[in-house]
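Chemist: Just need the structure, nothing else, for what follows:
(one chain, ligands or ions: 2)
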Amino acid sequence: LNRRLAEFGTTIFAEMSALAVRTGAINLGQGFPDTDGPEQVREAAVRALRAGHGNQYPPGPGIPELRTAIAAHQQRRYGMEFDPDREVLVTAGATEAIAASLLALVEPGDEVIAFEPYYDSYAASIALAGGTRVPVTLRPTTDGDASFRLDLDELRDAITPRTRLLLINTPHNPTGTVLSRAELTAIAELAVERDLLVVTDEVYEHLTYGDAEHIPLATLPGMRERTVTIGSAGKTFSFTGWKVGWVTSTPELVTAVRSAKQFLTYVSAGPFQYAVAEALALPDTYFSDFRATMTAKRELLATGLEDAGFTVFRPQGTYFITTDIRPLGFEDGFEFCRALPERCGVVAVPNAVFYDDRAAGAPFVRFAFCKQDEVLSEAAARLAKVR
Ligand code: PMP
Ligand code: GLN
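Modeler: Ligands and ions are numbered 1, 2, ... in the order given. From the prediction side, this is the model:
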């Protein structure tokens with residue numbers, strides 16, 4: 001294994017899902033729904049397969065139907081215009097979109113700023129591109145609702161002449177933070193002032209709760225021309241195994257990302273692209289129902305975790321709840337997660353793996369709530385005996 005990858009080992013999601021299989025514990029670690037997305041979308045994939053649509057290499061940028069549907073979704077939901085032919089690229093999930101963006105836009109030695117805790121593929125993709133990651137830590141606050149917030153002064157101080165790119169994620173995995181318009185405006189002003197590119201991972205765009213509103217960074221002044229926006233059908237339609245994601249940006253930036261994508265996977269799986277094109281055209285009620293269902297699940301698990309004695313950071317978005325384990329008398333999230341299946345038959349993820357500053361992340365543990373209500377109730381009952 002080369003030096004760029006040596007520090008990464010096996011991803012925590014594979015490790016924790018294997019632990020769940022081995023112990024028979026309830027898997028609230030890796031974030032995947034235990035119920036598939038809409039039946040009609042699944043049927044659309046079957047129809048495409050049977051009709052021979054996409055069984056051979058589809059076009060490199062993605063099938064025109066899907067690119068058009070992505071552009072229409074951005075228009076309908078956010079009022080943003082993208083030319084489906086020049087400004088949209090279909091990728092093998094958001095994971096490839098992230099990797100291809102960084103490989104295309106980062107020179108060896110460039111600094112890339114990412115919020116910490118960061119989604120694990122960010123660190124690996126920055127390393128593959130030869131870049132240097134510069135984490136800016138989201139800090140827990142307890143004024144108002146407990147949440148993890150960005151310190152804008154820390155972000156400003158992290159920018160150096162070597163900074164090439166800001167890698168943003170909102171709604172944020174694992175903390176559930178949704179950046180406010182004020183926070184996004186400040187980030188946008190910095191990006192413009194320091195002439196930075198921005199890659200923004202918005203895969204949880206449809207999963208916001210309560211008053212939280214997802215605002216695409218590219219809609220802010222000066223951002224459309226410097227921002228690569230990433231979405232995923234895995235999260236939006238609960239088909240994480242299909243690996244259909246996308247990028248929207250300027251023709252120049254999309255061409256750059258495509259240059260990398262063509263040598264990573266060349267193209268993404270054909271029949272699923274037809275199905276996702278249909279999914280993106282589902283009526284607004286699909287998206288509002290999905291949000292309502294997930295809001296109830298968030299409440300179910302958050303209440304269970306609170307009753308069990310965890311400090312709960314109620315997420316504004318995503319399908320993850322970050323907790324603090326210290327009120328239960330534990331300090332180290334790693335040890336806690338490794339022992340949790342035996343202690344009470346549940347698997348979770350230690351947030352420390354998403355930090356360079358492992359000590360800062362040590363007491364935090366993430367639970368996924370994209371699971372059936374009975375599963376969440378049973379997990380809550382088991383967690384009540386964690387002490
Ligand atoms: N970004 C974030 C923040 C995620 O949580 C995930 C996880 N699923 C991804 C990207 C990867 O998405 P995909 O499965 O579409 O590759
Ligand atoms: N995004 C999911 C999570 O954060 C898992 C994705 C993966 O396993 N790579 O849990």
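Chemist: who's in contact with the closest residue to ligand 1 within the stretch 51-200 of the chain?
Modeler: Closest approach between the stretch 51-200 of the chain and ligand 1, counting by Cβ to the nearest ligand atom: Gly93, at 2.6 Å. Quick note: C-beta positions are derived from backbone N, CA and C, even for glycine. The contact partners of Gly93, taken as Cβ atoms under 8 Å, 6 or more residues apart in numbering, are Ser232, Gly234, Lys243, Val244, Gly245.
Chemist: Helices of this protein, residue ranges please.
Modeler: For the chain, the helices defined by DSSP state H occupy 12-23, 39-51, 64-78, 93-105, 120-128, 152-158, 181-193, 233-237, 251-264, 270-280, 284-308, 333-344, 358-361, 373-383.
Chemist: Export those helices as TSV, with columns for mean pLDDT and distance to Thr200.
Modeler: Formatted as TSV, the helices of the chain follow (pLDDT from 0 to 100; distance: least, Cβ to Cβ, whole Å):
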stretch	mean pLDDT	distance to Thr200
helix 12-23	92	22
helix 39-51	98	25
helix 64-78	98	13
helix 93-105	98	10
helix 120-128	97	12
helix 152-158	97	14
helix 181-193	98	9
helix 233-237	97	14
helix 251-264	98	12
helix 270-280	98	19
helix 284-308	98	20
helix 333-344	95	27
helix 358-361	94	22
helix 373-383	98	30
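Chemist: now Val46: how far from Phe272?
Modeler: Applying Cβ to Cβ, to the nearest Å, the value for Val46 to Phe272 is 11 Å.
Chemist: same check, this time on Ser121
Modeler: In this view, Ser121 and Phe272 are 20 Å apart by Cβ to Cβ.
Chemist: Which of those two has more residues huddled nearby?
Modeler: Applying other Cβ atoms under 10 Å to Ser121 and Phe272 shows that Phe272 carries more neighbours, namely 25 against 20.
Chemist: Now the more buried one. Nearest residue, chain neighbours left out?
Modeler: Excluding the flanking residues, the one nearest Phe272 by Cβ to Cβ, 6 or more residues apart in numbering is Trp242, at 4.3 Å.
Chemist: show me what contacts the one you found?
Modeler: The neighbours of Trp242, taking Cβ under 8 Å, 6+ apart as the test, are Ala45, Ala233, Gly234, Ala269, Phe272, Ala275, Val276.
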